[in-house]
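Turn this into a structure:
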Amino acid sequence: MLKLEGLSVFYGGIHALKGVNLNVPDGKIITLIGANGAGKSTMLNRIMGLLKGEGKITWDGKDISALDTKDIVTMGLVMIPEGRHIFPNLTVEENLDLGAYARKDKIPVKNDKEKCYSLFPRLKERRRQSAGTLSGGEQQMLAVGRGLMSSPRLLMLDEPSLGLAPLVSGMIFNIIREINNNGTTVLLIEQNAHAALEIADYGYVLETGEIAMHDTCTALAADDRIKKAYLGE
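Take a look at the predicted model:
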């Protein structure tokens, strides 16, 4: 579905991504784990056209390496950025409506909003409430819901559990699994390696801009290097 070949990004003199190769098959959850500063967010921003760089990005067999972000979104690739970036002065419902801004299919949009409310009952309860007054967990739910309103084929999440209590994080990961079960492919960027390897099918380890390892999540979780560096074992 999504294929990265030789992806490189420079920030001035800093080589942030160094020839990254990565595959995201249709219908799977793929996770990318790594320490702070490894280049995980840089990779997502490059995929979405927010950064320029070298290498090839292929989506459904089409080279999208040079496309603008708005064109990439309309093709079905959607990113939920680290830090949520909701619109705090707008209501929950207005935030969700903005997620469907580029869509023309109004009846399916209405149906998708009801699906969001079914997935996140708390958002329905607070749909008239200003988004800035929500808790951190509720804001993350809203960020995910807004992304789903774009009707993505591939949903890319950047650190969805960041700053959340363990109970709320667990809820978010369960929802990610449910989104995937409903047919959306997921690329998950996550520092919580335990949770990421538990819900994903295949994993990549990014270290200082390079893919250091990749394997099934079962194999990665059993690897002594991964246990020591990322699982605290």
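
And the residue nearest the centre of the chain?
Geometric centre of the chain, nearest residue: Leu157, 1.5 Å, by Cα atoms, centre = their mean.

I figured that one hits Ile80, correct?
Yes. Using Cβ atoms under 8 Å, Leu157 is in contact with Ile80, at 4.9 Å. In this view, the C-beta of every residue, glycine as well, is placed from N, C-alpha and C.

where do the contact lists of the two overlap?
Counting by Cβ atoms under 8 Å, 6 or more residues apart in numbering, the common neighbours of Leu157 and Ile80 are 144, 147.

Low-confidence regions, the chain specifically.
Across the chain, the ranges flagged by pLDDT under 70 are 233.

Check it for its longest helix and report it.
The helix that spans the most residues within the chain, counting by DSSP state H, is helix 166-181.

Run the chain-centre distance for it.
13 Å (Cα atoms, centre = their mean, to the nearest Å).

ok, then the element right after that helix?
strand 185-189 (DSSP states H and E).

Can you list the strands that that next one pairs with?
Using DSSP bridges, strand 185-189 pairs in its sheet with strand 29-33 (parallel), strand 154-158 (parallel).

list the buried ones in the helix or strand containing Arg146?
Assigned by DSSP H and E, Arg146 falls within helix 136-148. Residues of helix 136-148 classed as buried by neighbour count (16 or more other Cβ atoms under 10 Å): 137-148.

Would you mind measuring from Lys70 to Gly132?
Distance of Lys70 to Gly132, given as Cβ to Cβ, to the nearest Å: 26 Å.

Mind jotting down where the strands sit in this structure?
Under the criterion DSSP state E, the chain contains strands at 2-11, 14-24, 29-33, 54-59, 62-63, 77-80, 154-158, 185-189, 202-207, 210-216.

Could I get those in CSV, plus columns for distance to Leu231?
Converted to CSV, the strands of the chain look like this (distance: least, Cβ to Cβ, whole Å):
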stretch, distance to Leu231
strand 2-11, 25
strand 14-24, 21
strand 29-33, 10
strand 54-59, 30
strand 62-63, 37
strand 77-80, 25
strand 154-158, 20
strand 185-189, 16
strand 202-207, 12
strand 210-216, 13
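
Met48: which of these is closest?
Across the strands of the chain, Met48 has its closest neighbour in strand 77-80 (5.1 Å, Cβ to Cβ).

Which neighbours in the sheet does that closest one have, and how are they oriented?
Counting by DSSP bridges, strand 77-80 is paired with strand 154-158 (parallel).

contact partners of the longest helix of the chain?
Counting by Cβ under 8 Å, 6+ apart, 27-29, 119-120, 136-137, 140-141, 144, 148, 155, 157, 160-161, 164, 186, 188, 192, 195, 198-199 sit against helix 166-181.

about what we covered before: and which of the buried residues of helix 136-148 is nearest Glu210?
Nearest to Glu210 out of the buried residues of helix 136-148 is Gly147 (Cβ to Cβ; 28.2 Å).

what's the distance between that closest one and Phe173?
Taken as Cβ to Cβ, the span from Gly147 to Phe173 is 16 Å.

Repeat that for Cys116.
From Cys116 to Phe173 the distance is 18 Å (Cβ to Cβ).

Kindly report the same for Val73.
Per Cβ to Cβ, Val73 is found 24 Å from Phe173.

And for Pro166, the neighbour number?
Look at Pro166: counted by other Cβ atoms under 10 Å, it has 10 neighbours.
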